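> Sequence plus predicted model, see below.
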Amino acid sequence: MSNLPTDPRTDVPPAEPPNPAVGILPDEFLLSVRARRPEALIRLLLGLVMTGLTLLLAGTAPGTTSGLDADLAQGAGSAPHLLVDVARRATLLALVMVPVAFVARRFIRREARQVTAAAAAAVLAYPACAAFGLWAADIGDPLVACVFAFTAAARLTLRPRWRGPAAAVLVLHALVVLAAGDTAALGLVQTLLIGWTIGHGTAYAVAPHTHRPTGRHLFASLRQVGLAPARAYRQSPGTPLREERRRYLVHQEDSRPDLDVVVLDSHARASGFLRQAWQRIRVRTAPRGRGLQSIRTLLEHEALLSYAGQAAGVRTRRLLATAELGPDAALAVYEHLAGRRLDELADAELTDQLLSGIWVQVNLLHRREIAHRVLVPESVLVDSRGRVHLVDLERGEVAAGDLLLRIDIAQLLTTTALRTGPRRAVAAAIAALGPDRIGAAVPLLQPLALSRDTRAALKRHREQLRPADGSPAPAPVPELLTRIREEILRARPQADAEPLRLERLRTRTLVTVLGAAAAGYVLLLQLSAGSGNPFTVIDQAQPGWVALAALASAASYLAATMGFTGFVPERLKFGRAGLAQLAGSFVNLVSPSGLGGAALNVRFLQRAGIPAPQALSSVGVTQAIGLVLHTLLVVVFGALASTDHASPLPSSTVLTTCLLSAAVLAGTATAVPVVRRWLAARLRPLLAGVLPRLLDLLQNPAKLAMGVAGQLLISLASVACLYCCTRAFGLHPGFAAVAVANLVGVAVGSAIPTPGGVGGVEAALPLALERTAGIAENAAIAPVLLFRLLTFWLPVLPGWLAFLWLQRRKAI
């Protein structure tokens, strides 16, 4: 038996040192030499995108860029040549002196290793500019790219002493070379982007040196917060979940209780960044990424979860202190909790009482709306008395929604079923939480809702059920998740068993979007074979009309907000409702046209406190009124266009005859009992929800008028945008004819079940413009491309930002 003092909280002796031979020495480094920074990767990707956009601009709009250069040259001609030459040489010298002075200071302070990545970036930037110059002849001075790459890789923008001089010198030199006419404006931008991209790419690849605290620094930080460390030992991470964090067992002087010390550093912050980022994009319940959060933010979150767990009455490690450990690390100090993890217990020790104890602790968390997020075996600790403690709360979330709490239940059901079997696991859960709460977790018993470790454990469990010799099993054994569902449904038959969709973006959806976009634009390229590349033709657009078209596209979101809020009797925040309409442009990128935006609006109303039936009815009213008004606009503009002798549309008499014939046919069809029953079966659910909502709206005529006006303006703004796009290319069609082409072409193209109607709208609109406005298909392609760029592709980025903002505010 150990003679070490007992822990006053658990009455068990503290853990024996793992091995005295591996104790932390005073001069032993605690962190790795280098650590990659996720923000450098983000900036690298942003630099590549911006460089590609500048190349596209140079190739598709040479007239615009040459005009800008001509204006700059004309303005620079009035400046004295001697003054410009002196300023150019002075700023060039200053530009070189900034990195030289920084390197010299690092050498004086014996920190030369910290500039290796920056020096490598500066060296790589020069050949990169030379290679880029073979492709783009207007490239700027490579020396500017070298200095900018050095600045980015050395992170001078984060050093107050160097940030101001570096920015001032770069800006002054850029203005001087532009005034001297040494380089084109776009070439200078490309040079800076090359430096930016090379700098951050090198910083991410080389992983610059970090400040490396030692064991002496660890002890000093612990003493500063009132503790008395004597010895420290590394703790084995044990699992991938714990590999992201460095853990130490610290013995104190004078028989004080032992400590568990967790060190947070840049390596832990960057671990799994790409995987986490993809999960955040793909799965709407993925844990929040840690890669772009500062060390202080991570430390504050860990402290918040620890204190919230203790306030909820959960047995967990008690946080004693937090402290900084140099500029790139921090530490969280906990009381040492002696015990064994759930995966270290024998099967005989997993009693029903122990399982019940686990669920009691989870229930305490959930009563305070705290989600654990990683209820895996390593997160459950059992002390010598058999009491359950929940650890690793730092991954959790406070003020968690119902969905995250249900995922916790599904996760713990799977974790316990892997050890005890589905029957015992479900019985213990129902006994602790009741059948209703356990039944609500059935739709989330799916691999995507579970942690990566649990998915791996399920895979191993499945492989263990297969015969060792590889022969087929005598009888197929259901998957473990299926057996858990069956056990729950046996106790709660009315529980919803339909799996809940957690994927925000499926891989096949992304492939569909890209494939449909490629198909649509390849089709346009084939149609425009006689008139050249349409992307080159767009460069000939008149800027004034393009600006008006962009204004009309932006106005459509204001109109959409009016149309949306006008058909909701409850009061909504107009600004947030507008952001929801803008976010719909991003959602529609990965869903069939209009469906994603409608679903987003329903979710927005639900988060605003409106019950689901009323939210669905409001969106249904909006779409129904929009359809009616859209049809009326087609009739009105069709009648107006038919009076124009230049339009190929038939006369108003012919159109009236066609409409009356269609009305007679519809009336005759509804007289047939089979057709009438078919229509009634499909319209009754819609009318049952829409009519009561319309009656509520009739009590507020002002809101109803705003909704109708907004729906009308949506269509009119789209028509105005297409009309301005045609005028931008010197075409002079009638407004009414363009309106008919827009209203019909967009509706027909959007009927194709591709995200955003990609491909269908691009193919339908040129044909509609030819039939209604008399514009040849080849001539109509460029206006259609510009129209789609302004109304579909450009709003995606602001829509994505609006989507993220609304998510952070829990508005969707």
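Structure's in. What do you need? Numbering: from 1, shown residues only.
> Give me the average confidence score over whichever strand or helix holds Arg460.
Assigned by DSSP states H and E, Arg460 falls within helix 452-464. What helix 452-464 shows for mean pLDDT is 86.
> and it, what does it pack onto?
helix 240-243, helix 402-420, helix 480-491 (3 or more CB pairs under 8 Å, 6 or more residues apart in numbering; DSSP states H and E). All C-beta atoms are positioned from the backbone trio N, CA, C, and that covers glycine.
> any chance of these in TSV, with mean pLDDT too?
Below are the helices and strands packed on helix 452-464 laid out as TSV (pLDDT from 0 to 100):
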stretch	mean pLDDT
helix 240-243	46
helix 402-420	93
helix 480-491	91
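> Just name the most buried of these.
Highest mean neighbour count among these (mean count of other CB atoms under 10 Å): helix 402-420, with a mean of 22.
> ok, and the closest non-adjacent residue to Leu444?
Nearest residue to Leu444 in three dimensions, chain neighbours excluded: Ala410, at 4.2 Å (CB to CB, 6 or more residues apart in numbering).
> Ok, which of the helices and strands packed on helix 452-464 comes nearest Gln699?
helix 402-420 (32.8 Å; CB to CB).
> That closest one vs helix 480-491, what angle?
110 degrees (axes from the mean of the first three to the mean of the last three CA atoms, to 10 degrees).
> check contacts around Arg341.
238, 377-378, 380-382 (CB atoms under 8 Å, 6 or more residues apart in numbering).
> What about the residues you listed, which one has the most neighbours?
Val380 (27 neighbours; other CB atoms under 10 Å).
> Low-confidence regions, the stretch 1-150 of the chain specifically.
Across the stretch 1-150 of the chain, residues meeting the criterion (pLDDT under 70) sit at 1-22, 27, 29, 31-36, 56-81, 110-114, 133-138.
> Strands of the protein, residue ranges please.
Here the chain has its strands, by DSSP state E, at 229-234, 246-252, 259-265, 319-324, 329-335, 340-341, 380-382, 388-390.
> is it possible to export these to CSV including mean pLDDT and distance to Ser356?
Listed next are these as CSV, based on pLDDT from 0 to 100; distance: least, CB to CB, whole Å:
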stretch, mean pLDDT, distance to Ser356
strand 229-234, 88, 35
strand 246-252, 88, 29
strand 259-265, 87, 27
strand 319-324, 90, 27
strand 329-335, 90, 25
strand 340-341, 91, 18
strand 380-382, 93, 13
strand 388-390, 94, 9
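> What mean pLDDT does the longest helix belonging to the chain get?
Assignment by DSSP state H gives helix 612-642 as the longest helix of the chain. Across helix 612-642, pLDDT averages out at 83.
> Report all helices and strands that that helix contacts.
Applying 3+ CB pairs under 8 Å, 6+ apart, one finds that helix 612-642 contacts helix 543-565, helix 595-607, helix 652-670, helix 673-698, helix 701-728, helix 735-750.
> Lowest mean pLDDT across these, which one is that?
helix 652-670 (a mean of 59).
> Residues in contact with stretch 423-436: which ones?
352, 355-356, 358-360, 363, 409, 412-413, 416-417, 420, 438, 484, 487-488, 491-492, 495.
> ok so, going back, relative to Ala131, which of the strands of the chain is closest?
Nearest of the strands of the chain (CB to CB): strand 259-265, 36.6 Å.
> and that closest one, what does it pack onto?
Strand 259-265 packs on helix 215-224, strand 246-252, helix 295-311, strand 329-335, going by 3+ CB pairs under 8 Å, 6+ apart.
> go with 6 Å
Applying 3 or more CB pairs under 6 Å, 6 or more residues apart in numbering; DSSP states H and E, we find strand 259-265 packed against strand 246-252, helix 295-311, strand 329-335.
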